[in-house]
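Trainee: Any chance you can model this:
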Amino acid sequence: MTLDMAIVLALVAAAVALFVTERLRVDLVAVLLMTALMLTGIITPEQGIAGFANPATVTVAAMFVISASLSRTGAVAVLGRASAWVFARNLWAGLFVMMVSVGLLSAFMNNTPVVAIFMPIMLSVASAIRISPSKLLMPLSFAAIFGGVCTLIGTSTNLLVSSITERAGFAPFGMFELTRYGVVVFGVGTLYMLVVARWIPSRRQVQDPTREYGMGRYMTEIEVLDDARSLGMPLAESPLVRELAVEVLEINRDGQRLVLPHGRTLLQAGDLLRVICDVDRIKSLAERQGIRLKPRRSGTSAAEPDASVLVEAVVAPGSELVGETLKSANFRSTFGANVVALRHRGAELHEKLGSTVLLGGDVLLIEVDREHLNILRNHEAFVMISEVAQPEFVRRKALLATAIVAAVVLTAALGVLPILVSAVAGAALLILTGCLHVEEAYHAIDWKVIFLLAGALSLGVALESSGAAHLLSEMLIRTAATLGPVAVVSALYLVTTILTEVMSNNATAVLMAPIAIGAAGIMNVDPRPLLMAVTFAASASFATPVGYQTNAMIYGVGKYRFRDFLRIGGPLNFLLWLLASWLIPVIWPLTPLGG
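Mentor: Have a look, this model is predicted:
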């Protein structure tokens, strides 16, 4: 082993550890990795920054803009409403139509906005047909993943591996080359979810279908004012507890904490109460004289219930709020709104709201005046799930946006234009025709993903130039090749799918693709089947809520527990591994190079 190999492998180990533990943002880790590789001389500065101009990186940025146009014009919501109509007539037919609709959309656009638009629709459906939303949200997320592996532009991972393949001197993936096996994954995965849907835990029940929106029980803080009816009364006999049925967890009085206070505790002015109650109870608290929700905007009184509204939003995975607290993010001044309650990883927290570190998928109950509501609606940090806060669509542009996206797909599929050119041209045309404003286009691009791709691509170069990829490939061959080349395909898929459950799917693909190419070279076979194993496995994240961003989005909303994904998604991962080990070498034969 050379010194360069040792340095690269040490940096890979450090990067994997940081990706898994999430001590730092994944895009920051990728940029630090790129910097370290340049400082150590493993790669040149030109090789280090080449990822920003890589066709995959630019194409992914353009596809973010294209996806945003379909969301902004309401083209996606049409299929969502159609699914809701079917649900009203038959649950299983509705589940099938929803998964097919989501899968079809995710095959041609970023799946995050697809899930973001379908999520409030599914919550409304669950309320109407009186079932737990958890029964619908996991199939929703999984369907988006199934659809993403059906075409080249379905996920950024597909484009990334295609770019690495082309850089290695082989033909890039075709627009529908993945479809041959992708539709099998889609069909088997959909059938699997229809069968196991009955065993998805009902973590969250919607008990009142007339409720505008319901999110179970929340924790919030309230202050007892001088004119409160409950002043001087025992806690258990106070109107606050008897009429609003709130559960008081703690009283903070003059700096002293009374945890789980006794029912005979007398309430005093200035008491700060931490309580748990339902959404509609929080609405009543906001309107009740003598009670003030904490924190509260100055100038808004409880006597002005129409001055503000309560909306629910999910912290978008990868957004600027992830890793921040409400205080450090200056939430009140940035968004002109207050978070009055929080659900963190499916559980109510017994800590102050302002000091809780936010994670992707956390659910916020936000008090905002109507003039600031559009800031929340249009901000990429949130996925709005309250009907009152749903974005306004530019429906008159829906057909035009759909036609432009179809042209992008067709010109790339027929070889008229490279996918990079067609995607960039399509994004520009969508802006020129008013389907999306320039500012919306900039906001649509997930810059975290762009920097992750650019930084991670430098790792691929370092693995190849240092010989580390060849070394790892030899280790893989020694382990699996005694059982034949098919076993190498199977082993690559298995290692990739395990890694992608605990770290970024793009980082996993960049790490494993050079190893796949190196293994193919050692065996003197076409690398296509090995690269396909990496491509499909990198998106096969079903066993954890943190392995894929759509899983993180539904985690808090559906009140899932970590083991729910393991119980439902784990067997699915195993099934798809067996299926890939059998079918990938059949669809893409392991033919000798030059044969």
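
Trainee: So which helix or strand of this protein has the lowest pLDDT on average?
Mentor: helix 279-287 (a mean of 62; mean pLDDT, DSSP states H and E).

Trainee: partners of the next helix or strand after that one, with directions?
Mentor: Heading C-terminal from helix 279-287, the first helix or strand you meet, by DSSP states H and E, is strand 291-294. Using DSSP bridges, the strands paired with strand 291-294 in its sheet are strand 217-224 (antiparallel).

Trainee: Just the mean pLDDT for the helix or strand just after the partner strand, thanks.
Mentor: Using DSSP H and E, the next helix or strand after strand 217-224 towards the C-terminus is helix 239-244. Average pLDDT, helix 239-244: 75.

Trainee: tell me the average confidence for the helix or strand following helix 239-244?
Mentor: Of the helices and strands lying after helix 239-244 in sequence (DSSP H and E), the nearest is strand 247-253. Taken as a whole, strand 247-253 has an average pLDDT of 80.

Trainee: How about stretch 257-265?
Mentor: pLDDT averaged over stretch 257-265 gives 78.

Trainee: Need the distance between the two termini of it.
Mentor: The first residue of stretch 257-265 is 13 Å away from its last residue (Cα to Cα, to the nearest Å).

Trainee: Counting neighbours, which bits of that stretch end up buried?
Mentor: 258, 261, 265 (16 or more other Cβ atoms under 10 Å). Every C-beta, even on glycine, is put in place using the N, C-alpha and C of the backbone.

Trainee: swap in stretch 556-569?
Mentor: 556-561, 564-566, 568-569.

Trainee: Make CSV out of those and add distance to residue 138.
Mentor: Shown next, in CSV, are the buried residues of stretch 556-569 (distance: Cβ to Cβ, whole Å):
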residue, distance to residue 138
556, 13
557, 11
558, 7
559, 11
560, 7
561, 12
564, 8
565, 8
566, 12
568, 6
569, 8
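
Trainee: ok so, going back, got CSV for the buried residues of stretch 257-265, with distance to residue 119 and secondary structure too?
Mentor: What follows is these, written out as CSV (distance: Cβ to Cβ, whole Å; DSSP: H, G, I helix; E, B strand; the rest coil):
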residue, distance to residue 119, secondary structure
258, 39, strand
261, 38, coil
265, 41, coil
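
Trainee: between those, which is nearest residue 82?
Mentor: residue 261 (51.4 Å; Cβ to Cβ).

Trainee: Could you list the low-pLDDT ranges of the stretch 401-550 of the chain?
Mentor: 481-482 (pLDDT under 70).

Trainee: In this structure residue 520 contacts residue 534, no?
Mentor: No. At 11.1 Å, residue 520 and residue 534 do not qualify as touching, with contact defined as Cβ atoms under 8 Å.

Trainee: Quick check on the two: which one has the bigger neighbour count.
Mentor: Applying other Cβ atoms under 10 Å to residue 520 and residue 534 shows that residue 534 carries more neighbours, namely 30 against 24.

Trainee: which element is that one on?
Mentor: helix 528-538.

Trainee: List the buried residues in that helix.
Mentor: In helix 528-538, counting by 16+ other Cβ under 10 Å, buried: 528-538.

Trainee: same check, this time on stretch 79-86
Mentor: Those would be 79-80, 83-84, 86, for stretch 79-86 by 16+ other Cβ under 10 Å.

Trainee: any idea how far residue 117 is from residue 146?
Mentor: Per Cβ to Cβ, to the nearest Å, residue 117 is found 17 Å from residue 146.

Trainee: out of those two, which sits in the busier spot?
Mentor: residue 146 (32 against 24).

Trainee: Quick one: mean pLDDT for the helix or strand encompassing that one?
Mentor: Element membership for residue 146 (DSSP H and E) is helix 134-148. Averaged across helix 134-148, pLDDT comes to 94.

Trainee: for stretch 162-179, same thing?
Mentor: 92.

Trainee: List the contacts of that stretch.
Mentor: 54-56, 149-154, 158, 161, 409, 412-413, 419, 457, 460, 464, 509-510, 513-514, 517, 527-528, 531-532, 535-536 (Cβ atoms under 8 Å, 6 or more residues apart in numbering).

Trainee: so what's residue 182 closest to, chain neighbours aside?
Mentor: In space, and not counting its chain neighbours, residue 182 is closest to residue 150: 3.5 Å by Cβ to Cβ, 6 or more residues apart in numbering.

Trainee: Against residue 233, how distant is the one you found?
Mentor: 63 Å.

Trainee: Mind jotting down where the strands sit in the stretch 401-550 of the chain?
Mentor: Using DSSP state E, counting those that start in this stretch, no strands are found in the stretch 401-550 of the chain.

Trainee: picking up where we left off before, can you name the residues that contact the residue nearest to residue 182?
Mentor: For residue 150, the contact set (Cβ under 8 Å, 6+ apart) comprises 103, 107, 178-179, 182-183, 185-186.

Trainee: Check residue 315 too.
Mentor: Per Cβ under 8 Å, 6+ apart, neighbours of residue 315: 321-322, 358-364, 381-382.

Trainee: per-residue pLDDT, it?
Mentor: 86.

Trainee: Show me what counts as buried in the helix or strand containing residue 32.
Mentor: Element membership for residue 32 (DSSP H and E) is helix 26-39. By neighbour count on 16+ other Cβ under 10 Å, the buried set for helix 26-39 is 26-27, 29-34, 36-38.

Trainee: and these as CSV, adding pLDDT and distance to residue 72?
Mentor: Formatted as CSV, the buried residues of helix 26-39 follow (pLDDT from 0 to 100; distance: Cβ to Cβ, whole Å):
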residue, pLDDT, distance to residue 72
26, 81, 27
27, 86, 25
29, 89, 31
30, 88, 29
31, 91, 30
32, 93, 34
33, 91, 34
34, 92, 33
36, 93, 39
37, 92, 38
38, 94, 39
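
Trainee: Which member of these is positioned nearest residue 18?
Mentor: When the buried residues of helix 26-39 are compared against residue 18 (criterion: Cβ to Cβ), the nearest one is residue 29, at 4.7 Å.

Trainee: okay, the angle between the helix or strand hosting residue 574 and helix 528-538?
Mentor: Taking DSSP H and E as the definition, one finds residue 574 inside helix 562-587. Orientation check (axes from the mean of the first three to the mean of the last three Cα atoms, to 10 degrees): helix 562-587 against helix 528-538 gives 160 degrees.

Trainee: for helix 562-587, packing partners?
Mentor: helix 134-148, helix 179-196, helix 485-502, helix 528-538 (3 or more Cβ pairs under 8 Å, 6 or more residues apart in numbering; DSSP states H and E).

Trainee: among those helices, which is nearest residue 239?
Mentor: Using Cβ to Cβ, the helices and strands packed on helix 562-587 put helix 134-148 closest to residue 239, at 34.7 Å.

Trainee: Now that closest one - C-alpha only, CSV.
Mentor: This file holds the C-alpha atoms of helix 134-148, laid out as CSV (Å, rounded to 0.1, in the frame of the first residue of the first chain):
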residue,chain,number,x,y,z
SER,A,134,-49.1,6.4,9.1
LYS,A,135,-50.9,3.8,6.9
LEU,A,136,-50.5,6.2,3.9
LEU,A,137,-47.3,8.1,4.4
MET,A,138,-44.8,5.3,4.4
PRO,A,139,-46.2,3.9,1.1
LEU,A,140,-46.0,7.5,-0.2
SER,A,141,-42.3,7.8,0.5
PHE,A,142,-41.4,4.4,-0.7
ALA,A,143,-43.3,4.9,-4.0
ALA,A,144,-41.2,8.0,-4.6
ILE,A,145,-38.1,5.9,-4.2
PHE,A,146,-39.4,3.2,-6.5
GLY,A,147,-40.1,5.8,-9.2
GLY,A,148,-36.8,7.5,-8.9
